[in-house]
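[1] sequence and predicted structure below; questions after.
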Amino acid sequence: MIGFYFHFRGVGIRVGGWALRNFLIGPPVTLPLMFSALSVLGLIAIYWKVW
C-alpha cells in the first residue's frame, strides 16, 4: 500500500499535476498493487501444493 501511495503521489508532483499525460508517462500507479497481488498468488500456490 505504501508503494501505491508513493507512485500516486509521484504523479501529482510532476509538472501539470493530475493530468492524464502524467499518468501515462509518470510512475506506474498500479505496479505496486500488481506486484503485491502476484506475490500473494505465489504464496497461495506454494501453500496449496503443500496441503
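    Now that the structure is in, tell me what you want to look at. If you're wondering where the values come from, they're calculated on a predicted model, not measured in any experiment.
[2] which non-adjacent residue is nearest the spatially most central residue of the chain?
    When CA atoms, centre = their mean is applied to the chain, the residue found nearest the centroid is residue 32 (2.3 Å). Of all residues beyond its chain neighbours, the one nearest residue 32 is residue 3 (3.1 Å), with distances taken as CB to CB, 6 or more residues apart in numbering. For glycine as for every other residue, the C-beta is placed from the backbone atoms N, C-alpha and C.
[3] cool, residue 35 as well?
    Per CB to CB, 6+ apart, closest to residue 35 is residue 3, 7.6 Å.
[4] hey, where'd the helices end up in this protein?
    Assignment of helices within the chain using DSSP state H yields the ranges 2-13, 20-25, 31-50.
[5] circling back to that earlier point, can you count the residues close to the residue nearest to residue 32?
    Neighbourhood size, residue 3 [other CB atoms under 10 Å]: 14.
[6] who are the contact partners of it?
    By CB atoms under 8 Å, 6 or more residues apart in numbering, residue 3 lies in contact with 31, 32, 35, 36.
[7] dump those residues to a markdown table, plus pLDDT and distance to residue 23.
    Converted to a markdown table, these look like this (pLDDT from 0 to 100; distance: CB to CB, whole Å):
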| residue | pLDDT | distance to residue 23 |
| --- | --- | --- |
| 31 | 95 | 12 |
| 32 | 96 | 15 |
| 35 | 96 | 18 |
| 36 | 95 | 20 |
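[8] filter those down to the buried ones.
    In the contacts of residue 3, burial by neighbour count holds for residue 32, counting by 16 or more other CB atoms under 10 Å.
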